[in-house]
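A.B. asks: A structural model of the following input is requested.
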Amino acid sequence: MPKLKSHSSSKKRFKITGTGKVKRNKAYKTHILTKKSTKRKRNLRKSTVASDANAPIIKQLLPYK
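C.D. replies: Predicted structure coming up:
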């Protein structure tokens, strides 16, 4: 069976942790930052875990991670 190709944009956006969870960055951090509070912007810097509903789909896009 041939090798599967990894989804290129997903490679850049997601990482699989050692326990198999999917790590992602938070949204709403790129522009229109003046109206957002410093606290809100600081919390958006942190990464988080993808939801249980989306994790299997993301793992399918990254077959060798």
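A.B. asks: average model confidence for stretch 24-38?
C.D. replies: Here stretch 24-38 scores 97 as its mean pLDDT.
A.B. asks: span of that stretch from start to end?
C.D. replies: End-to-end distance of stretch 24-38 (C-alpha to C-alpha, to the nearest Å): 21 Å.
A.B. asks: for it, which residues meet the burial criterion?
C.D. replies: Judged by neighbour count using 16 or more other C-beta atoms under 10 Å, the buried positions of stretch 24-38 are residue 24. For every residue, glycine as well, the C-beta is placed using N, CA and C.
A.B. asks: next one: stretch 8-25
C.D. replies: Neighbour-count burial for stretch 8-25 [16+ other C-beta under 10 Å]: 10, 13-14, 22, 24.
A.B. asks: could you export those as JSON lines, including distance to residue 55 and secondary structure?
C.D. replies: As requested, those are exported to JSON lines (distance: C-beta to C-beta, whole Å; DSSP: H, G, I helix; E, B strand; the rest coil):
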{"residue": "10", "distance to residue 55": "12", "secondary structure": "helix"}
{"residue": "13", "distance to residue 55": "13", "secondary structure": "helix"}
{"residue": "14", "distance to residue 55": "9", "secondary structure": "strand"}
{"residue": "22", "distance to residue 55": "5", "secondary structure": "strand"}
{"residue": "24", "distance to residue 55": "10", "secondary structure": "strand"}
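A.B. asks: turn those into CSV, including distance to residue 41.
C.D. replies: Compiled in CSV, these are given as follows (distance: C-beta to C-beta, whole Å):
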residue, distance to residue 41
10, 25
13, 20
14, 22
22, 24
24, 17
